[in-house]
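Colleague: Have a look at this prediction, sequence included:
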Amino acid sequence: MIRTDDGKLCIIDFGLMSEVEDYQKFGMISAIAHLANRDYSKITADFSNLDFIPADADFDLYTPSLANVFD
């Protein structure tokens with residue numbers, strides 16, 4: 001994320017558009033909150049809910065890798 005000189009959040013829009021379902025919106029919000037709190041086990045579940053990780057995957061295998069990427 002980028003902040004302006006006066007501390008406001010600046011979002012850069014590259015013009016890409018897509019339809020986003022409500023469950024995806026809430027899933028992204030949840031993942032961002034868990035990322036901010038470094039709750040990586042919950043991010044793994046969020047990513048599964050967003051179909052980034054298969055629902056039948058062993059989350060314990062993904063969590064250390066996600067922690068390594070996001071730390």
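Modeller: The structure has been received and is ready for your questions.
Colleague: Contacts only, for the residue nearest to the spatial centre of the chain.
Modeller: Nearest to the mean C-alpha position of the chain, by Cα atoms, centre = their mean, lies residue 31 at 3.8 Å. Residues near residue 31 by Cβ atoms under 8 Å, 6 or more residues apart in numbering: 43, 46-47, 50. All C-beta atoms are positioned from the backbone trio N, CA, C, and that covers glycine.
Colleague: now the helices for the chain?
Modeller: 22-36, 40-49, 59-70 (DSSP state H).
Colleague: Nearest to residue 7, out of these?
Modeller: Of all the helices of the chain, helix 22-36 sits nearest to residue 7, with 17.3 Å by Cβ to Cβ.
Colleague: Just the mean pLDDT for the closest one, thanks.
Modeller: Averaged across helix 22-36, the pLDDT comes to 93.
Colleague: And that helix, how far out from the chain middle?
Modeller: 6 Å (Cα atoms, centre = their mean, to the nearest Å).
Colleague: residue ranges with poor pLDDT in this structure?
Modeller: Low-confidence segments of the chain (pLDDT under 70): 1.
Colleague: give me that answer again for 80
Modeller: Residue ranges of the chain with pLDDT under 80: 1, 12-17.
Colleague: re earlier: so how far is residue 39 from the residue nearest to the centre of the chain?
Modeller: Taking Cβ to Cβ, to the nearest Å as the measure, residue 31 falls 10 Å from residue 39.
Colleague: same question, residue 19
Modeller: 29 Å.
Colleague: Neighbour count: these two, which is higher?
Modeller: More crowded of residue 19 and residue 39, by other Cβ atoms under 10 Å: residue 39, with 14 against 5.
Colleague: give the contact list for that one.
Modeller: The contact partners of residue 39, by Cβ under 8 Å, 6+ apart, come to none.
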